[in-house]
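>>> Would you be able to build a 3D model of this:
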Amino acid sequence: MSIDIAVALVTLAAALTQRLTGFGSGLIPMAILPGLVGIRTVTPLVALITTTVDVLMLGRYRTRIQPRAVYPLLVGMAFGIPLGILALRRLDERIVLGALGAVISLYALYALFGFRLPRPNGRPWAWGVGLLAGMLGGAYNTSGPPLIVYGQAQEWPPDEFKANLQTLFIFNDVLVVAGHLVAHNMTPVVARAYLIALPALAAGFLVGGRLDRHLNPERFRILVLALLLILGVRLVVG
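A predicted model of the protein is given here:
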């Protein structure tokens, strides 16, 4: 299978999963594509893909955003994102892939078993979560897990939860894309892969919209999380 076909198929699967479950546009390609095209190509590519997805998704929930809830997280993310991009450039690829696999595996276990953490209070917690999310976003496009865990612990209502997360994701996307531009990671190879991914992204959302009426979303979510757990462990063990 050619790399172009692999990028298109993985993007299609990621968009389909995002449409059906609300997550997957970043985690799925980050779990599968590094072994095919390299982590330093995948990371800026997925940053472009998730930016496209998150801009489209925000329109559904923008009126429910809670600025006071997201502001301290944004501050932490602003400091964390450059650190993540720097780590991607400086660390050995095997270390980067192993850490990525650990993040994916731990989040899959957390979501599969329905763990809930105690409610964190105070801005230092939000700054720390934002810093961690920014570092993971800059290095791996996986800012979602710590933000989702934090939002669930805060018991944000469903619409506010989705709106706040999309706001945080877009902030992360913009800074990560800008950081990759500054770091000269947005190569012609990345741009070409993004153009290949766009039609697959649109197709995934369209197909997902059709399947949404026929599939059990909870069963599909569990299946995807189990797959992510397997893929994450594979990245850890090499």
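>>> what about the helices in this structure?
Using DSSP state H, the helices of the chain run over 3-21, 27-32, 34-37, 39-58, 67-90, 93-113, 123-140, 144-154, 158-182, 188-211, 217-237.
>>> deepest of those helices, which one?
Comparing those by mean neighbour count (mean count of other Cβ atoms under 10 Å), helix 27-32 ranks first with a mean of 26. (C-beta placed from N, C-alpha, C; glycine too.)
>>> gap between that one and the chain center?
Counting by Cα atoms, centre = their mean, to the nearest Å, helix 27-32 is centred 9 Å from the centre of its parent chain.
>>> now swap in stretch 130-148 and tell me
8 Å.
>>> now do stretch 181-197
Centroid separation between stretch 181-197 and its chain, computed with Cα atoms, centre = their mean, is 18 Å.
>>> Quick one: end-to-end length of that stretch, please.
Start-to-end span of stretch 181-197 (Cα to Cα, to the nearest Å) is 19 Å.
>>> who's in contact with that stretch?
Stretch 181-197 is contacted from outside by 3-4, 7-8, 11, 37, 40-41, 43-45, 48-49, 85, 88-89, 177, 180, using Cβ atoms under 8 Å, 6 or more residues apart in numbering.
>>> do you know how far Ala153 is from Gln166?
Ala153 sits 19 Å away from Gln166, going by Cβ to Cβ, to the nearest Å.
>>> picking up where we left off before, would CSV of the helices of the chain with mean pLDDT be doable?
Output for the helices of the chain, formatted as CSV (pLDDT from 0 to 100):
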stretch, mean pLDDT
helix 3-21, 88
helix 27-32, 89
helix 34-37, 86
helix 39-58, 86
helix 67-90, 91
helix 93-113, 89
helix 123-140, 92
helix 144-154, 90
helix 158-182, 87
helix 188-211, 90
helix 217-237, 85
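>>> Next up, the contacts around the nearest residue to Arg234 once chain neighbours are set aside.
Using Cβ to Cβ, 6 or more residues apart in numbering and skipping the chain neighbours, the partner closest in space to Arg234 is Gly101 (6.9 Å). Listed by Cβ under 8 Å, 6+ apart, the contact partners of Gly101 are Ala31, Leu231, Gly232, Val233, Arg234, Leu235, Val236, Val237.
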